[in-house]
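In: Got a predicted structure plus its sequence, pasted below:
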Amino acid sequence: LDFGSVINTCGTSYTLDALNSGSTYLWSDGTIGQTLLAQSNGTYSVQITTVNNCLLRESVNVTLNGTVQPDLGPDKTVCGSQLLDAGYPGSTYAWSDGSNTRKITASSTGTYSVVITDQNGCVGTDNISVTINPVPIVNLGQDILACANQVIVLDAQNAGSSYLWSDNSTGKTIQPTVNGSYAVTVTNTFGCTGAGNIKVTIN
């Protein structure tokens, strides 16, 4: 029997096997089975008495480095993009998109996975499915300077969406007739919102 002087392993427990089937065993914690489940760091020893009454003693220092269990959370459906954080600062990271940082921004629909290797060499992995819905892009153009006899039309674009202007109008377009700043919030069929604003001056 040779445990070696040190067992440095990942996980929260480690099974020590004294081998030599048919022998009697006495572990340092008083148990008498062939195996012992080490669940904390420390030194473990065993005394083995073989069928021929030969005596063997062996000890080993066990270090349990825990497990790496990243949690990217449940699958998500979001507007625009989603920040993903693998956790475990100081580790090395290998994402399915080729990134090697702790955090990445998911900007397209798909499944993202990460493999984490911590400072002790322990490895864990997780994955998440992300559905990215588009955010309305609202461009009302440059600020407007016009004469009173000109017709001004502000168009929020994004046909099929719902609209709320700062004057409480709800159409896709409005026709300002007084000076001021005009803003609109656009909500598309995915429930994603975008906004735009413009200043109108009428002489």
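Out: Right, received. Where do you want to start? Owing to the predicted nature of the structure, the values given are computational and were not obtained by experimental measurement.

In: how much space between Thr50 and Gly4?
Out: Distance, Thr50 to Gly4, using Cβ to Cβ, to the nearest Å: 21 Å. (C-beta placed from N, C-alpha, C; glycine too.)

In: the more surrounded of those two?
Out: For Thr50 and Gly4, the more surrounded residue by other Cβ atoms under 10 Å is Thr50, and the numbers stand at 13 against 9.

In: contacting residues for the more buried one?
Out: 20, 22-23, 56 (Cβ atoms under 8 Å, 6 or more residues apart in numbering).

In: three-state assignment of the spatially most central residue of the chain?
Out: Against the mean C-alpha coordinate of the chain, by Cα atoms, centre = their mean, the closest residue is Leu72 at 3.1 Å. Secondary structure for Leu72, judged by DSSP: H, G, I helix; E, B strand; the rest coil, is coil.

In: same thing with Leu56?
Out: Per three-state DSSP, Leu56 ends up strand.

In: And for it, the neighbour number?
Out: By other Cβ under 10 Å, neighbour count at Leu56 equals 15.

In: Can you tell me who it pairs with across the strands?
Out: In this structure, Leu56 bridges to Ile48 when assessed by DSSP bridges.

In: distance of the residue lying farthest from the centre of the chain from Ser161?
Out: For the chain, the largest distance from the centre (Cα atoms, centre = their mean) belongs to Asn52, which lies 57.5 Å off. According to Cβ to Cβ, Asn52 and Ser161 sit 87 Å apart.

In: Please apply the same query to Pro136.
Out: Counting by Cβ to Cβ - Pro136 and Ser161 are separated by 6 Å.

In: hey, what's in contact with both of these two?
Out: With Cβ under 8 Å, 6+ apart, Pro136 and Ser161 have common neighbours 186-188.
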